[in-house]
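Chemist: build me a model:
(chains A and B)
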Amino acid sequence: MQISVSEINDIINQEARGNGSLIAALEEIQERYRYLPPEALILASERLGVPLSQAYSVATFYNAFSLKPKGKHCMHVCMGTACHVRGSPQVLDRLESKLGIKAGDTTRDHLFTLETVNCLGACALGPIVVADGDYSGQMTVQKTDALFKQLMKSEAEEAHG
Amino acid sequence: MANITSAAELEARRATLLAAADPDRPCITVCGGTGCRVYGSEKVWEAFRDEIVRQGVKASLNLDVRVTGCHGFCEKGPLVVIRPQGIFYARVKVEDVPEIVAETVIGNKVIERLLYTDPQSGERIEHEYDVPFYRHQYRLILNQNGELDPSQIDEYIVRGGYASLAKVLTTMTPEQVIAEIKASGLRGRGGAGFSTGMKWELCRKNVLKAGTGYIVCNADEGDPGAYMDRSSMEGNPNRVIEGMVIGAYAMGVPQGFVYIRAEYPLAVKHLKNAIRQAEAAGLLGKDILGSGFEFTLGVRLGAGAFVCGEETALIASIEGRAGEPRPRPPFPAESGLWGKPTNINNVKSWASVPIIIEKGADWYSRIGTENSKGTMIFSVVGKINNTGLVEVPMGISLRKLLFDIGGGIPNGKAFKAAQIGGPSGGCIPAEHLDVSIDYESLGSLGAIMGSGGLVVADESTCMVDFARYFMNFTQEESCGKCVPCRIGTKAMLTTLERICAGKGQPGDVEYLLELAEAIKNSSLCGLGQTAPNPVLTTLRYFRDEYEEHIFDKKCRAKVCKGLITYAIIPEKCEGCLVCLRNCTSNAISGAKKEVHVINPELCSRCGICMNVCKFEAVVVN
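Modeler: Model (predicted):
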């Protein structure tokens, strides 16, 4: 994804005029780019008047922030307690072996990022996998395969279409 | 929306709204909680909206279709209630919508197949309030969730909303409000169970000295398996706001924050919208209801750190720093946000405030037990038939909660334990099913009330793995500031992992107990101090399972990968190749119509072969 310094500037300036909250500014940048480019930390530190070390400390402390670019598709596996007792570890294992990466990593072609989340609060539907914001509930290893196949198919269609 | 400038105007507005509202007006309510949305309730709602126009009844019946907050019975979503009859349909699909409109809305006939069937009696139940899941509950905080549209403040006002605030601002002094909350016996619903009234009193004293202060609503619901705070925010955000304005008046603070998880986008959206509407209505901001009292409310999003539920870490996070806790004292009531006196309460505590003011402390304190008053909301999840949100009076037995309301354990399996209070809590085994749910009784068993997470384990849950799961969680979420928590939890986790991998050694249990004691006694904050609880309680009630893992190298629940092997029963195997094709480890060999064999050296114990085998030929030992 292309980074626009002027866009980052706008986000931070807007926050500087409002509450001046470092976390809020970083949250917005994270949402826009799905990671925090180095430029963002430097600009946020300058404009919001916080030391760069504090910006870095915040960026590395909270799970919501990432310093590494994310893949095109983000897959989240819920590892909440309800999902755990209903078999989410098997679902995660399956996705890890399908993608050839561990949770928290991005595939080398930058197509997929696999992450775990501690509870989505939709425990009746566990185990849950969220692919690009779409929830799939009561997942099994077979349903995981089907979901993965479907994602790959739409990806292939997009590439050729 | 016009500004309401006095209590009388609020009353007049309610009267106007009531007069315009026809109690017999037909209305279709669709649950819009996160659970139901995942099941597709938004599409169901859209289908109703279009269908009533298509069948030409929207205008003629003056029909309303409404998306409400979470009804709580997440297991059966999407949930639809046809009012005024109150007919309750579960698992409604888009395809069912035309039939519901034609048969039930127009024809006033009940569609049998969409009714909820009580698994125990096999009886089909027509009305929401007759479903056992709801019948045994006492819904004080959640009562309006299934009725009102949370995106409209008038929906709350017409049901008596903000009347408690008006009462407080016009007829009570701050001291009287605090006395009322104290007399109600309300205790903090975030887990610790400290008297809310006393906390407010302390904060007020310091605010008077300092000249200012803050209040905070802690909606950083990080306990995995708990989502009642989210549902309260999604389904009725105005009640939380009203509680906070009352608290602000009582403590004399001009500003407050709601600290809410960014992982709850719908709750954030509803909350922000409710704040905007309350500001426009003059219920937040300057000169609230013409009383001269000023209070502004801001929203701060949590960025995904469990430790931020701890109050000093939460404060650091609102201030824009990494959420690391600090030693107390000074307590936030003395020196909190930006060094000013600060009072932090959980969502459920704030939401209880307007109810106490409306009904009186006397009335409220009659609910519950001697020392635990009012109601508590639990999210009952895991190996349970009726997953959902349950609001019950304090003092109800765990058995009643799990079996009468929760509907028991699925697939005829046996109940093993209930983990109450999440990663900081403890498990309660079958022999204590009759325990009364109150702060003291749960504490005496090694569990805690916590913020209301309740995860049910059955015989197929391995308690050692369960403890390992929680320890893994707290270890990852440990902020790393203090040594006992950072290194101690890691040492406990490594030991548990070793036991689960089949490499347990004599002395491991004693080592775990020793570490647990040290971590409990010497950690800086509540996260570390309670982190060993799941291990301590599983050791207290299921020590034999630990010993089986260590000495017999056996996992009776057949969960721990290091202690199980998969095998194919030759007599049952049809040689269909399905397991072989599905195996990701290439551990299965065999040809078509020939018996397949699993190579335990290559097998990763993922269990997929067992799931895909149609002939039940795969067994786990």
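Chemist: for stretch B:612-621, list the C-alpha coordinates in CSV.
Modeler: Output for stretch B:612-621, consisting of C-alpha atoms alone and laid out as CSV, is shown next (Å, rounded to 0.1, in the frame of the first residue of the first chain):
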residue,chain,number,x,y,z
VAL,B,612,-13.7,-36.6,8.3
CYS,B,613,-14.0,-40.4,8.7
LYS,B,614,-17.6,-41.5,7.9
PHE,B,615,-17.1,-45.0,9.3
GLU,B,616,-15.9,-44.0,12.8
ALA,B,617,-12.7,-46.0,12.1
VAL,B,618,-10.3,-43.5,13.6
VAL,B,619,-9.8,-43.6,17.4
VAL,B,620,-7.7,-41.7,19.8
ASN,B,621,-5.9,-43.3,22.6
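Chemist: okay, domains of chain A per the record?
Modeler: For chain A, the structural domains run A:5-61, A:73-160, going by automatic domain parsing.
Chemist: just these: most buried one?
Modeler: For those, the stretch with the most neighbours on average is domain A:73-160, a mean of 19; neighbours defined as mean count of other Cβ atoms under 10 Å in any protein chain shown. All C-beta atoms are positioned from the backbone trio N, CA, C, and that covers glycine.
Chemist: do that domain and chain B come into contact?
Modeler: Yes. Between domain A:73-160 and chain B, judged by Cβ under 8 Å from any Cβ of the partner chain, the touching residues are A:79-82, A:84-86, A:90, A:93-94, A:97-98, A:117-126, A:128, A:135, A:137, A:140-142, A:145.
Chemist: among the residues you listed, which ones are in helices?
Modeler: A:81-82, A:84-85, A:90, A:93-94, A:97-98, A:141-142, A:145 (DSSP state H).
Chemist: want to try JSON lines for those residues, with distance to residue B:401 and pLDDT as columns?
Modeler: Putting those into JSON lines (distance: Cβ to Cβ, whole Å; pLDDT from 0 to 100) gives the following:
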{"residue": "A:81", "distance to residue B:401": "17", "pLDDT": "88"}
{"residue": "A:82", "distance to residue B:401": "16", "pLDDT": "88"}
{"residue": "A:84", "distance to residue B:401": "21", "pLDDT": "89"}
{"residue": "A:85", "distance to residue B:401": "18", "pLDDT": "86"}
{"residue": "A:90", "distance to residue B:401": "29", "pLDDT": "88"}
{"residue": "A:93", "distance to residue B:401": "33", "pLDDT": "90"}
{"residue": "A:94", "distance to residue B:401": "34", "pLDDT": "90"}
{"residue": "A:97", "distance to residue B:401": "39", "pLDDT": "88"}
{"residue": "A:98", "distance to residue B:401": "40", "pLDDT": "89"}
{"residue": "A:141", "distance to residue B:401": "32", "pLDDT": "86"}
{"residue": "A:142", "distance to residue B:401": "34", "pLDDT": "86"}
{"residue": "A:145", "distance to residue B:401": "37", "pLDDT": "89"}
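Chemist: by contact count, what packs against the helix or strand hosting residue B:65?
Modeler: Here residue B:65, judged by DSSP states H and E, is contained in strand B:64-68. When contacts are defined as 3 or more Cβ pairs under 8 Å, 6 or more residues apart in numbering or on different chains; DSSP states H and E, strand B:64-68 packs onto strand B:27-31, helix B:41-54.
Chemist: just the ones you listed: most buried one?
Modeler: strand B:27-31 (a mean of 25).
Chemist: contacting residues around it?
Modeler: B:36, B:41, B:44-45, B:48, B:52, B:63-71, B:77-84, B:92, B:100, B:105, B:146-147 (Cβ atoms under 8 Å, 6 or more residues apart in numbering or on different chains).
Chemist: on that earlier part again, and which of the ones in helices among the residues of domain A:73-160 next to chain B is nearest to residue B:135?
Modeler: residue A:82 (23.8 Å; Cβ to Cβ).
Chemist: what stretches of the chain score poorly on pLDDT?
Modeler: Looking at chain A here, since you left the chain open. Counting by pLDDT under 70, the low-confidence segments of chain A come to A:1, A:161.
Chemist: look at chain B instead
Modeler: B:1.
Chemist: and it, what are its domain boundaries?
Modeler: With domains defined by automatic domain parsing, chain B comprises B:24-83+B:87-126, B:153-365, B:375-458, B:463-552, B:565-620.
Chemist: many thanks, we can stop here.
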